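Visitor: I would like to see how this sequence folds:
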Amino acid sequence: MTKRMDGFPESSKRQPLKQSLNGSLFISILLTALASVWIVVSFLLISNSMYKWTAAAIAASLFVTAIIVYIKRNENFSFQNYHTAIVETLLRSDAVPLAILDRSGLVLEMNEASSRILGYHRSELIGAPISRLLEPVSRQSLHEMFEQALLGETKQININITHGSGFPLELQVICSPMIQDDEVIGTVLISQDLSDRKRNVERIRYMAYYDDMTGLPNRTLFQMKLTETLARAKEEERVVGICYLDLDRFKLVNTSFGRESGDILLMQVAERLNRDLSDNDFAARMEGDEFALLFCNLESHNHLLELSKQILKSIEEPYELSGFPLHITASIGSVTNKSEHDDSYALIKKADMALVKVKESGKNDCLLYSESWSNSSLERLTLQHEMYRAIQRGEFILLYQPQYDLGSGKMVGVEALVRWNHPLKGMILPGSFIPLAEESGMIVQIGDWVLEEACRQNKAWQDAGLPSIPVSVNLSIRQFVQNDLASKVSAVLEKTGLAAKYLDLEITESMTMDVSHVSRCLLDLTDLGVNISVDDFGTGYSSFHYLKNFPIDRLKIDRSFVRDIQQDPSDAEIVAAIIAMAHNLNIQVIAEGVETEGQMEFLRKHKCDEMQGYFWSPPVSSENIKQMLSPDII
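Guide: Below is the predicted model:
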């Protein structure tokens, strides 16, 4: 007795079929013969016409019955002819994974789809127990399903198997009994790979809740996580805080290096934000260069501020883009769940409001939200209107901070610093109005006035017979990007009569990122004879590479490095390195923010050229400078 590929014995399949077909044919012939005999006999032996037609009707019924039996016999024969082809097609199918097992659970046959999904060749599994493919956790479940199938029940379960190449798979399996002559001779397994479906579902979920570039959660998931955390924190009386972070002047990175480099920078920032978080804390990219961090178990408000400062230090570590070292800073607005009525939307709004305050105050800092800011938008509009009026009414004044030679102790220059003498609020420091002026564009008008007033005052000192010293004026980014800056400066010098060599224009490192514009602008200014200084050196985006290409006369070391040179060895090394590097490039160095004798001695020891700071003099009025420059004082 031979076996076919579908596992059924040849004789057991064909014998009943032949018997059935032969029986149908015999009955059909018998009925036909009986009908014929009946007609002949009725017409020969019966004389009554009514009986003859009755006999004819009976014979016709027998003929019809014979025909029906014959047709049915052909239909059965036709379907049985397709039976083998159907089975073989299923076993060759690559669409539906199908396997046939005997009563012992050994694989009798499997199709190509099963071979593909399991990662084994058919010859490797024929005759082998199916249980060898299963992971231990699924073996008991399959055994129970198999036992129920042998009892005639069809069952469905999910099982875990190991693919032929070694990776895990989850399959949905339907196990049906295979019945012959009312006896279960084995089972048929039909399976479906759930892993692909789960991967697709997971991908859709990832796209909905995660930022595809940085891999961080997005705003939607952060909002959900924050809502969840706030509910638990309320029950457990825990302090929860969020930090809303924005990179300072990030648009200049995209403008100078391109968006691809900007994306790389964002990925590096995301990695740093995630680096120091605990398992319970959470970081997300909200949009653009804005990020948010959720701290789920704080000790106090001050604890949140400490964490914010640590984040700022982490962001300030040097980067590298397109082969160039890069230094960036960030601003952070923070808030805690102080008010139990605040939901996630309210907290994020408050953190964003604190971030705006930091930006207005000069950036590169962190600030905790205060409930007194609820009317800040109205205050900003009011201040903006008052600033416009202040320009018209001349409410801005200049103070001057002396700059000293560290070798001789002699005053060698002054820096012009703007203040707003508000008629009601009194003296307003730049940090309170300069960011708003930059945002509104009024910084250009204020900057133009500062430039002209500083040049006028310096010329007045010279006309009074005082020693000639340069005056330093800070340029805003909006002034610097103007195409007619050199002609404006030339017109101011001509109007005030000040010689160009007594004007020092201070730019920041961030302004040097557009190389073509910087080169053209600085060359035009130096052609006038104006000196160029780089302010806040070490805190901007660029690096030392531009110093040898641009006409820079002086570097100004930022006060953030000078402040800790006696306590922080890293700051001390940075300051010493800046001085040595600048001198090798024949560039002078001035340190700002010098407040102690120890700081001054350190700078003097490392041959820093000049200094300015409260240790020798705070910013003072023009009259005070006049007295300090008079021959009697000198």
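
Visitor: Tell me where the model's unsure across the stretch 1-150 of the chain.
Guide: Scanning the stretch 1-150 of the chain with the threshold set as pLDDT under 70 gives 1-95.

Visitor: and if you look at the stretch 301-450 of the chain?
Guide: Ranges of the stretch 301-450 of the chain meeting pLDDT under 70: 373-378, 381.

Visitor: The same query, at a cut-off of 90, please.
Guide: Low-confidence segments of the stretch 301-450 of the chain, defined by pLDDT under 90: 301-302, 305, 316-328, 337-365, 367-394, 407-409, 422-444.

Visitor: All the strands of it, in order from the start?
Guide: 319-321, 324-326, 330-336, 366-368, 396-405, 411-422, 426-428 (DSSP state E, counting those that start in this stretch).

Visitor: which regions of the stretch 151-300 of the chain lie under the pLDDT threshold?
Guide: In the stretch 151-300 of the chain (pLDDT under 90), the answer is 151-215, 219-220, 228-239, 248-263, 274-282, 287-288, 296-300.

Visitor: now with 80?
Guide: 165-167, 192-206, 255-256, 276 (pLDDT under 80).

Visitor: can you pull out the helices in it?
Guide: Ranges of helices in the stretch 151-300 of the chain, per DSSP state H, counting those that start in this stretch, are 194-209, 219-236, 250-257, 259-275.

Visitor: Check the stretch 351-500 of the chain too.
Guide: Going by DSSP H, counting those that start in this stretch, the stretch 351-500 of the chain shows helices at 376-393, 430-440, 443-463, 477-480, 485-496.

Visitor: Could I have the CA atoms of the fourth one written out in PDB?
Guide: This means helix 477-480. Coordinates of each C-alpha in helix 477-480 appear next as PDB, following Å, rounded to 0.1, in the frame of the first residue of the first chain:
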ATOM      1  CA  ILE A 477      23.200  90.800  15.500                       C
ATOM      2  CA  ARG A 478      20.600  92.900  13.700                       C
ATOM      3  CA  GLN A 479      23.000  95.700  13.200                       C
ATOM      4  CA  PHE A 480      25.800  93.400  12.100                       C
END
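
Visitor: List the contacts of it.
Guide: Residues outside helix 477-480 that contact it (C-beta atoms under 8 Å, 6 or more residues apart in numbering): Glu438, Gly441, Ile443, Val444, Gly447, Asp448, Leu485, Ile507, Thr508, Ser510, Met511, Cys521. The C-beta positions use only the backbone N, C-alpha and C, and glycine is treated the same way.

Visitor: Please enumerate the helices of the stretch 501-634 of the chain.
Guide: 515-528, 559-562, 569-584, 597-605, 622-629.

Visitor: my read: Phe602 touches Gln567, true?
Guide: No. Counting by C-beta atoms under 8 Å, Phe602 stays clear of Gln567, with 11.3 Å between them.

Visitor: ok, these two, which is more surrounded?
Guide: Phe602 (19 against 9; other C-beta atoms under 10 Å).

Visitor: can you tell me how far the more buried one sits from Asp535?
Guide: For Phe602, the distance to Asp535 (C-beta to C-beta, to the nearest Å) stands at 21 Å.

Visitor: and if you look at Glu235?
Guide: Look at Glu235 and Asp535: by C-beta to C-beta, they are 51 Å apart.

Visitor: can you list the contacts of helix 477-480 in JSON lines and add distance to Val188?
Guide: Listed next are those as JSON lines, based on distance: C-beta to C-beta, whole Å:
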{"residue": "Glu438", "distance to Val188": "76"}
{"residue": "Gly441", "distance to Val188": "78"}
{"residue": "Ile443", "distance to Val188": "80"}
{"residue": "Val444", "distance to Val188": "82"}
{"residue": "Gly447", "distance to Val188": "84"}
{"residue": "Asp448", "distance to Val188": "88"}
{"residue": "Leu485", "distance to Val188": "84"}
{"residue": "Ile507", "distance to Val188": "80"}
{"residue": "Thr508", "distance to Val188": "76"}
{"residue": "Ser510", "distance to Val188": "72"}
{"residue": "Met511", "distance to Val188": "76"}
{"residue": "Cys521", "distance to Val188": "81"}
